[in-house]
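Participant: sequence first, predicted coordinates after that:
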Amino acid sequence: MNTVAMTVAGAVLSVVIFILNVRSWWKGNRELKALMPFGGGLITGAGWTMCVGGIFGWVATQAVEASNKIGDKAVSTTTGAKGGGGLAHGSLGSLTYPGACAVLVAALIGAVVLKAAGKADTKRMLGGLFTGLTLCATAGFAQGMQWVPDLYNWLGDSAVSIFDGKVSL
């Protein structure tokens, strides 16, 4: 769980990235598959916020701090307003050990897909990752993403059941 609180300006920066990605989809042909790069990055980033004490958790903390600094600088430079304050802290919950393994596998698959992706999809994937890492530090967005730990935990538990021979293919 990320322990750094998002500032209002930091959240605005992440929301702008979110809106730009949805806007490009909306102005396009609105096919669901066009949202997959951004959505995959978003779910991956959300999963990393639950990786307490690991590299993924550290990346989530750094992303929130960077978003706060850049957002605060942008707001103060453009409007002169300072000190927007922090937002209510959010948390998705916790992962089981098999769920954490599923997060790692998803990240490795994501890295392979990212390497093979074109320039536009790479930007969308990284934008989704950043948005998931940062907005899940807010109570409201984290509440809407409560299904993410359940998904990763279910995937991990299902893999364990298959490896244990409890599920026949």
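Facilitator: Right, received. Where do you want to start?
Participant: for the protein, longest helix please?
Facilitator: Assignment by DSSP state H gives helix 55-79 as the longest helix of the chain.
Participant: give me the contact list for the very next helix or strand once past that helix.
Facilitator: Using DSSP states H and E, the helix or strand that follows helix 55-79 towards the C-terminus is helix 97-116. Here helix 97-116 makes contact (CB atoms under 8 Å, 6 or more residues apart in numbering) with 40-41, 43-44, 47-48, 50-51, 56, 95, 122, 125-126, 149, 152-157, 159-160. For every residue, glycine as well, the C-beta is placed using N, CA and C.
Participant: got the angle between helix 97-116 and helix 55-79?
Facilitator: 60 degrees (axes from the mean of the first three to the mean of the last three CA atoms, to 10 degrees).
Participant: packing partners for the next helix or strand along the chain from helix 97-116?
Facilitator: The helix or strand immediately downstream of helix 97-116 is helix 119-135, counting by DSSP H and E. Packed against helix 119-135, as judged by 3 or more CB pairs under 8 Å, 6 or more residues apart in numbering; DSSP states H and E, are the following elements: helix 8-27, helix 36-48, helix 55-79, helix 97-116.
Participant: buried subset of the contacts of helix 97-116?
Facilitator: Neighbour-count burial (16 or more other CB atoms under 10 Å) is assigned, among these, to 40-41, 43-44, 47-48, 50-51, 56, 95, 122, 125-126, 149, 152-153, 155-156, 160.
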